[in-house]
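Q: Give me a 3D structure for the following:
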Amino acid sequence: MTDLGALHARLRRELECDVLFDAFSRGRYSTDASIYQIDPLGVVVPRSAQDALAALEIAADSNVPILPRGAGSSQCGQAVGEALIVDNSKHLNGIGEFDTEKRTVWVEPGVVLDRLNAFLKPHGLWYPVDVSTSAQATIGGMTANNSCGARSIRYGNMVHNVLAVEAWLTSGDIVRFGTVGPIGERIDGPPRYRHLVDVVRGYYVAEQDEIADRVPKVQRRVAGYNLDMASTGPFNMAHLLVGSEGTLGYFRRIKLKLAPLPPHKVLGIAHFPTFREAMSHTQHIVKLDPAAVELVDSTMIELARANPAFRGTVDRAVRGDPDAILLVEFAGEDRAEQVVKLGQLVELMGDLGLPGSVVEIEDPRLQKDFWEVRKAGLNIMMSMKGDGKPVSFIEDCAVPLEHLADYTERLTEVFEKHGTRGTWYAHASVGTLHVRPVLDMRSADDVKAMRAIAEEACAMVREYKGSYSGEHGDGLVRSEWIEPMYGPRLTRAFGEIKNEFDPRGLMNPGKIVAPTRMDDRDLFRFKPGYATLPVETALDWSGHEVGAHNRGRGFAAAVEMCNNNGHCRKFDAGAMCPSYRVTRNERDLTRGRANSLRLALSGRLGSDALTSQEMYRTMELCVSCKACKRECPTGVDMASMKIEFLNRYHRRHARPIRDKLVAHLPRFAPLAARMAAVMNLRNRIAGLPFLMEKIAGIAARRSLPTWRRDPFRPADESPAGPEEADVVLLADTFNIYFEPENLRAAVKVLTAAGYRVAVAQAVDGGRPLCCGRTYLSTGMVDEAHAEARRTVEALKPFAARGVPVVGLEPSCLLGLRDEFRTLLPGADTETLAGSALTFEEFLSREKTAGRLAIPLGKLPYKRALVHGHCHQKAFAVMPAVTETLELIPDLKVETIQSSCCGMAGAFGYEADHIDVSLAMAELSLLPAVRAAGDDTLIVADGTSCRHQISDGTERNALHVARVLADALE
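A: Have a look, this model is predicted:
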């Protein structure tokens, strides 16, 4: 029995990196994207290769199992186990020796594929094993799994693109595995390496007949060890480690073969009225030499259309309601040649009886957008609400193309026999279709059905001489199927090879060799008896109460929507997850927070976990940007979950003074404005900032917004009465008291465009309306509810008449379309949500309808550089911002590709968070603003965003309303 305390102490003593043995951290690393959950012994996050090697030596010395891990996005359970996890993804991501002429590069195991390709792109190269999880998948994990990708028909799998692996073995040796010569030729390397070469070659010679008979001839075969790639002549020993799932050694460095970037691509989207026709015709399409042929079925199309992030792209590229589509890409050096091939596809589809069924896409941006939909296929499928979810266990079987139609039809019949259905997508080009039967892993009957389906699928794949494991590896879910597919002799050979490399069985035990049963429910995330604690919620989560198991547990069901695929681990695309981009800690990730909540809700972290200090630290750096609600294809809304948590947490823990100051701002603002001179002293008198930081936790390094002596007064500045208004303006607290010129500019622009503008006022004529955002940000849901009710009552008459409700502050206005629905569910709220538009959305809508006429002239700027507020991005309103600014003659509009600005309301003002806040801003926003010349106008609609830009660059950013007002003739 391992003394975990002693192991923890020794690791802490001898390593200079994060060593995590607490329950929350172990829980966050207990899952990957599979159905399994196993608590690790502990986690080490090495800062250097020396740290990693020291941790490995300590573990081996203590006889402790070792599990190397990258993004933790594996779907078969490779990245979970009762072992010491070594997380390579945070620091071990270096790019080493790079040879542009030979097209090779050495990398550390934690480098992410997209980051590597970003490095290679300026050199006209890329690493072409383009897995759908390229934004988070690490090269180490891809090598361990022998990953493939959408374009493997042209470029092959990892095993075809890895040239060498430098690995640590449990013997303590560090060995460079690479090409060796034929029998009799001297092998360079230490004795341990030469011995392993002889052993592997010996097994190859002994089992040549069995290899020829048992190993499938399809390209997609990733089961067991790649013994078939050994030879009596030259062969590459690194290929045995590719696909070994961390069971043979720890990858210290990996040498990759690179490929030239194809400069020209075209995409044909072939539509099929039946799924079988799509499968049947794939074998003809591949003869056109495409770079990729990818399947998307009707279920995925329907789910993608229901997701705001993908709806527009799908509607532009998919005609009607096909039963399936194939994405056929042609790529190469000559653009005209690719266009000709696209025409050949159109002709072929006509010859096959489907004329006019191809949507031809030559626009690179639309191609990229549609590939993003396909890449998100797994997560889109997992966005199904209800008891059942598409479950991964037979999802990457590969069969020869001539059998693909029959295989999919027969497997569909198997699903129907067991009372379920499957969702289909992925690599039609190589006969690997990702199929996931919809099952409930909490149900013993569905687990039995899973076993029965697996057995029938395995027999079917053998019949067609295909591969049961075609892309995602073996792990916990498929290792036990190696013997039925490969036979006892090769299975025994795999075991003996494992023993030669790892005699004590320390490297990722239970994968490939000596596996557990795939349906051992004690290893599942939803173990027998799984239940969640009853929780009284402050928000309405009833939309997630779909299915018998989820009734009355909407919040828990919403948390469980996270499937652990790690789509939130992005570094340069989209907006999520801002805090993770800075800290790179699993704790500060949407997935990490969701896992912590799920484990707490199910009692795995103790009875008080939901209101513990550790849970507070887990949620603390969530900036409520709502990027996850849009960009996470399963729709995990961590911002709302944080509101729910804070509401519960502060029933037991006192609120800090800063929270009270922020939350009650809308209520004391009228008085503060009358004392503006006094309130503004904090920014002017030396010492006051430091005193305020000590007392209230407001960072001394931050300037505070300036209270205005001339606030915007809704009752005095409403040009039109309620009954005659064409549009009603919702004046928010921040613009009323700190930047009233924005509201006055909006009134001016709308009036100049011919609209009669009313400014919304409270029914009782009291203080201005408030969306409740400040209360929600501190978890004061009751107070937010009261503010929401005041606002709904005031705006109800306008919304009932169909009068648009327009606002300037994105987080306030968009709260009417989001949080109000969970604060005050009902018809009035829904009507208001349908009427609520940002300032730019309203103008864009009017322009599209042909009703907009604003007399705008030129500005003394050549371009406008726009930073989007997080909620504008989350609710897809940024196109309206760009379109509105483009109304100004000769103004070039560019959007900064940024995540959160880092202010996030009060977050960036807090002393505890200012360093993280500034780090977020420095990722892309502030450098972009500093690089802009004097001929560039900086635009940002968010109050906090403008403040961050001002503090960080001394440049003033303007609201779009101000820009338009300045351009009025």
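
Q: show me where the stretch 351-500 of the chain has helices.
A: Ranges of helices within the stretch 351-500 of the chain are 364-375, 377-381, 404-417, 444-463, 475-478, 482-501, based on DSSP state H, counting those that start in this stretch.

Q: rank the ones you listed by pLDDT, which is bottom?
A: Here the lowest mean pLDDT among those goes to helix 377-381, at a mean of 68.

Q: Can you give me the buried ones in the helix or strand that Leu11 is a member of?
A: Take DSSP states H and E as the rule and Leu11 turns out to sit in helix 4-14. Using 16 or more other C-beta atoms under 10 Å as the burial criterion, the residues of helix 4-14 that qualify are 7-8, 10-11. Every C-beta, even on glycine, is put in place using the N, C-alpha and C of the backbone.

Q: picking up where we left off before, highest average neighbour count across the helices of the stretch 351-500 of the chain: which stretch is it?
A: helix 475-478 (a mean of 29; mean count of other C-beta atoms under 10 Å).

Q: so how far is that helix from its chain's centroid?
A: 24 Å (C-alpha atoms, centre = their mean, to the nearest Å).

Q: now do stretch 702-717
A: 39 Å.

Q: same thing with stretch 646-665?
A: Here stretch 646-665 shows a centroid-to-chain-centroid distance of 30 Å under the convention C-alpha atoms, centre = their mean.

Q: What residues sit buried inside that stretch?
A: 646-650, 658-659, 661-663, 665.

Q: circling back: so what secondary structure elements neighbour the helix holding Leu11?
A: On a contact count with 3 or more C-beta pairs under 8 Å, 6 or more residues apart in numbering; DSSP states H and E, helix 4-14 meets strand 18-20, strand 42-45, helix 49-61.

Q: From the chain's centroid, how far away is that helix?
A: Helix 4-14 sits 33 Å away from the centroid of its parent chain (C-alpha atoms, centre = their mean).

Q: Likewise for stretch 37-48?
A: Remark: stretch 37-48 is offset 22 Å from the chain centroid, using C-alpha atoms, centre = their mean.

Q: what about dumping the CA coordinates of that stretch to CSV?
A: C-alpha atoms of stretch 37-48 as CSV (Å, rounded to 0.1, in the frame of the first residue of the first chain):
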residue,chain,number,x,y,z
GLN,A,37,-13.8,8.4,-13.5
ILE,A,38,-10.9,7.1,-11.3
ASP,A,39,-9.2,9.2,-8.6
PRO,A,40,-5.5,9.6,-9.3
LEU,A,41,-3.0,9.2,-6.4
GLY,A,42,-1.9,12.7,-7.0
VAL,A,43,-0.9,15.2,-9.7
VAL,A,44,2.5,16.7,-10.7
VAL,A,45,2.6,19.7,-13.0
PRO,A,46,6.3,19.9,-14.0
ARG,A,47,7.8,23.2,-14.9
SER,A,48,10.7,21.6,-16.7
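
Q: can you give me the mean pLDDT across that stretch?
A: 98.

Q: now stretch 613-620
A: Per-residue pLDDT values over stretch 613-620 give a mean of 98.

Q: Could you do stretch 834-851 as well?
A: 97.

Q: Buried residues of that stretch, list them for me.
A: Buried-residue list, stretch 834-851, by 16+ other C-beta under 10 Å: 835-844, 846-847.

Q: Dump these into JSON lines; add secondary structure as well.
A: Formatted as JSON lines, the buried residues of stretch 834-851 follow (DSSP: H, G, I helix; E, B strand; the rest coil):
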{"residue": "Ser835", "secondary structure": "helix"}
{"residue": "Ala836", "secondary structure": "strand"}
{"residue": "Leu837", "secondary structure": "strand"}
{"residue": "Thr838", "secondary structure": "strand"}
{"residue": "Phe839", "secondary structure": "helix"}
{"residue": "Glu840", "secondary structure": "helix"}
{"residue": "Glu841", "secondary structure": "helix"}
{"residue": "Phe842", "secondary structure": "helix"}
{"residue": "Leu843", "secondary structure": "helix"}
{"residue": "Ser844", "secondary structure": "helix"}
{"residue": "Glu846", "secondary structure": "helix"}
{"residue": "Lys847", "secondary structure": "helix"}
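
Q: ok, back up a step: JSON lines please, covering the helices of the stretch 351-500 of the chain and showing distance to Asn63.
A: JSON lines is the format used below for the helices of the stretch 351-500 of the chain (distance: least, C-beta to C-beta, whole Å):
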{"stretch": "helix 364-375", "distance to Asn63": "41"}
{"stretch": "helix 377-381", "distance to Asn63": "37"}
{"stretch": "helix 404-417", "distance to Asn63": "44"}
{"stretch": "helix 444-463", "distance to Asn63": "33"}
{"stretch": "helix 475-478", "distance to Asn63": "22"}
{"stretch": "helix 482-501", "distance to Asn63": "16"}
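
Q: Tell me which of those sits nearest to Ser602.
A: Among the helices of the stretch 351-500 of the chain, helix 444-463 comes nearest to Ser602, with 17.8 Å by C-beta to C-beta.

Q: so what does the closest one touch, helix or strand wise?
A: Short answer (3+ C-beta pairs under 8 Å, 6+ apart): helix 444-463 packs on helix 404-417, strand 432-439, helix 482-501.

Q: Go again with 6 Å.
A: strand 432-439 (3 or more C-beta pairs under 6 Å, 6 or more residues apart in numbering; DSSP states H and E).

Q: Show me the strands in the stretch 601-750 of the chain, by range?
A: Under the criterion DSSP state E, counting those that start in this stretch, strands of the stretch 601-750 of the chain are mapped to 727-730.

Q: closest to Lys90 out of the helices and strands packed on helix 4-14?
A: strand 42-45 (5.3 Å).

Q: Mind listing residues that contact that closest one?
A: 17-21, 25, 29, 55, 84-87, 90 (C-beta atoms under 6 Å, 6 or more residues apart in numbering).

Q: hmm, 8 Å instead?
A: With contact meaning C-beta atoms under 8 Å, 6 or more residues apart in numbering, strand 42-45 is reached by 4, 7-8, 11, 15, 17-21, 25-26, 29, 51-52, 55, 84-87, 90-91.
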